[in-house]
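Test case, fold it:
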Amino acid sequence: MTRIARSIALILLSASALPVIAACSRNAQSQAPEAGRPPVAVTIAAAARGNLDRTVDVVGTLDAKFSADVKSEVTGVVKEVYVTEWVPVRRGARLARLDTSETEAGVAALKAAAAQAKVGENRARREYERAQQLKQYGLITQQALDDARSAIEAAEAATAAADAQVRASESRLSKSFITSPMEGIVAMRGVSVGDRVENMGGTTPMFRIVDNRLFDLTVSVPATRLSEVRVGQPLEFTTETVPGRVFSGKVMFINPMIDAASRTADVVAEVPNPGAMLRDGAFVQGRVIVGRYANVLQVRREALLNWNLETKQAEVFVVSGDHARKRAVRTGATNGATVEIVSGVEAGEQVVVRGGYALRDGDRVIASTGEGA
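Residues are numbered from 1 along each chain as shown. Model prediction:
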């Protein structure tokens, strides 16, 4: 072969090899980034067995279970006020006194009238006794004797009426002292000395007494979760008025009606108030514990990727050595913070709880347990 022919053959051979070389170059380039990816920093936590509560998240407001608005049963001017706001009082304790000078004068007058009626009754009795003696000697008629007996009955009735008026006036006098109908705290004082109060009138009470030893907590439960809630179930909650403290109560009543606008129903729980830390009207966030599962495998909620709540399917990254592998898992119950794993992960395996969204299957990782893991 001549030199020119060999040159032409080499050129043709080189041209035919170019597509193959280009394809190999592309394959190498496509694999290079995978092989050259730097390790991904992730936080891991072990899948572990333990007890798991299934809960329904709720929000609501505390209301004192027992309270009373105190008003006057009589009309008068406030003469004295014995208590200030926010002080404890016992049942029957005096809160205020109305001016009783007019009522006392009325009581004195009625007592005098009652005494006069008693004198008349005694006179009628003496007249009747005299009439009985005269009748024995035939000196008066039966009609006169009957009239004397009727006079006694009339005098007795007058005495009874006068005594009743005295008791009513004394009762009115006693109502001039405004007392607490229950044990509790004076939450509101609406009067001062010199104020005139009407007989059960007005919209503003003289005092409001609140028993803060027991509260009703009214919370809203979504209609989709209402079937899980039962009377007697425990409810745990926190409130911004007492940071860091978890309180508990018990479901006592479930409203049979669902609000058409919010698609929720009211549920009332009874909450004791140890140490009087809770406050009437406080806003709370909590959860009704609707089920408890023992010794179930669970992971933190943050570990789940592509979680389908309807099919209960999700994915997690499991770290073995310095590589992360994607696993399909099946979920079960949840309490919001942790989720039951029915299949796909074994107890003790380390799952990624932070940094998983940046991972690919098979990536190298730099794992740490992290704070709170």
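
would you put the C-alpha positions of the longest strand along the chain in PDB?
Within the chain, and with DSSP state E defining each element, the longest strand by residue count is strand 48-70. These are the backbone C-alpha positions of strand 48-70, laid out as PDB (Å, rounded to 0.1, in the frame of the first residue of the first chain):
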ATOM      1  CA  ALA A  48     -36.800   2.300  68.300                       C
ATOM      2  CA  ARG A  49     -39.700   0.400  70.000                       C
ATOM      3  CA  GLY A  50     -41.800   2.100  72.600                       C
ATOM      4  CA  ASN A  51     -45.300   3.200  73.600                       C
ATOM      5  CA  LEU A  52     -47.100   5.500  71.200                       C
ATOM      6  CA  ASP A  53     -50.100   7.600  71.800                       C
ATOM      7  CA  ARG A  54     -52.500   8.300  68.900                       C
ATOM      8  CA  THR A  55     -53.800  11.800  69.400                       C
ATOM      9  CA  VAL A  56     -56.100  14.500  68.000                       C
ATOM     10  CA  ASP A  57     -54.700  18.000  68.100                       C
ATOM     11  CA  VAL A  58     -57.000  20.600  69.600                       C
ATOM     12  CA  VAL A  59     -57.100  24.300  70.600                       C
ATOM     13  CA  GLY A  60     -59.500  25.900  73.000                       C
ATOM     14  CA  THR A  61     -60.200  28.200  76.000                       C
ATOM     15  CA  LEU A  62     -60.400  27.700  79.700                       C
ATOM     16  CA  ASP A  63     -63.500  28.700  81.600                       C
ATOM     17  CA  ALA A  64     -64.100  28.400  85.300                       C
ATOM     18  CA  LYS A  65     -66.500  25.600  85.900                       C
ATOM     19  CA  PHE A  66     -68.300  27.500  88.700                       C
ATOM     20  CA  SER A  67     -68.800  31.300  88.900                       C
ATOM     21  CA  ALA A  68     -71.400  33.700  90.100                       C
ATOM     22  CA  ASP A  69     -72.400  37.300  89.400                       C
ATOM     23  CA  VAL A  70     -73.500  38.900  92.600                       C
END
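
Quick check: buried residues in the very next helix or strand once past it?
Past strand 48-70, heading to the C-terminal end, the next element that is a helix or strand (DSSP states H and E) is strand 76-81. When neighbours are counted by 16 or more other C-beta atoms under 10 Å, the buried residues of strand 76-81 are found to be 76, 78, 81. Every residue, glycine included, has its C-beta placed from N, CA and C.

List the neighbouring strands of the longest strand of the chain plus their orientation.
Strand partners for strand 48-70, identified by DSSP bridges, are recorded as strand 207-222 (antiparallel), strand 283-300 (antiparallel).
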